[in-house]
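*Asks:* sequence isn't available, so here's the structure alone:
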């Protein structure tokens, strides 16, 4: 029986790299790891529709569209996540389904918890750190099996957060282009997804 890996990526707040990491993860799975990957926008933020609009304008020639979504660089994008889309992806040809949840809110928590791999992104920048602190203080205990990750902020702040809350906070490697995966990102994701 085929098992599809569900990878949920959510952010503590807007603007902490959730969509970038979701696209990067799906591209890494498809390119470096040679896995069939789908990427679902569960947040409704419209970023996947914006990518599709760029493709439609002729600026991107490596993709194709369909009524349910589109394909770009061997990743199938679904611009609106629904239970039906998720079920079709799980029954379809995919090895991995990456779900971009956007900001983690109570309304999506059940769907988030269904994912076998849960990556929570945060920003350690001073102007966003308070949101992450509030989130961790609200949690009864850090989510079991959750992977905490941050791309922004100082190393000193990251280490202090780990000590204070008893969590491992992974540093997301710098990647300026979510569609171009280098070996550093591949190695980091392999360590996260094992």
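*Replies:* That came through, no problem. Treat the numbers as computed from the prediction; the structure is a model and nothing was measured.

*Asks:* and the closest residue in space to residue 172 that isn't next to it in sequence, what are its phi and psi?
*Replies:* Spatially, and ignoring its direct neighbours in sequence, residue 172 is nearest to residue 151 (4.0 Å; Cβ to Cβ, 6 or more residues apart in numbering). Just so you know, the C-beta spots here come from the backbone N, C-alpha and C atoms, and that holds for glycine as well. Backbone geometry at residue 151, expressed as degrees, to the nearest 10, gives phi -100, psi -20.

*Asks:* the chain should start at 26 in everything you say after this.
*Replies:* Renumbered: residue one is now 26, and that last one reads residue 176.

*Asks:* residues contacting residue 176?
*Replies:* Neighbouring residues of residue 176 by Cβ atoms under 8 Å, 6 or more residues apart in numbering: 41, 42, 45, 46, 146, 148, 196, 197, 199.

*Asks:* out of those residues, which are buried?
*Replies:* For the contacts of residue 176, a burial check counting by 16 or more other Cβ atoms under 10 Å picks out 41, 42, 45, 46, 146, 148, 197.

*Asks:* mind checking which of these land in helices?
*Replies:* 45, 46 (DSSP state H).

*Asks:* of the buried ones among the contacts of residue 176, which is the nearest to residue 216?
*Replies:* Lowest distance from residue 216 to the buried ones among the contacts of residue 176 (Cβ to Cβ) belongs to residue 197, with 11.8 Å.

*Asks:* pLDDT score assigned to that closest one?
*Replies:* Model confidence at residue 197, given as pLDDT, is 91.

*Asks:* where's it relative to residue 173, distance?
*Replies:* 11 Å (Cβ to Cβ, to the nearest Å).

*Asks:* residue 193 now?
*Replies:* From residue 193 to residue 173 the distance is 7 Å (Cβ to Cβ).

*Asks:* in terms of neighbours, single out the busier of those two.
*Replies:* residue 173 (22 against 10; other Cβ atoms under 10 Å).

*Asks:* quick one: secondary structure of the more buried one?
*Replies:* Under the three-state scheme (DSSP: H, G, I helix; E, B strand; the rest coil), residue 173 adopts strand.
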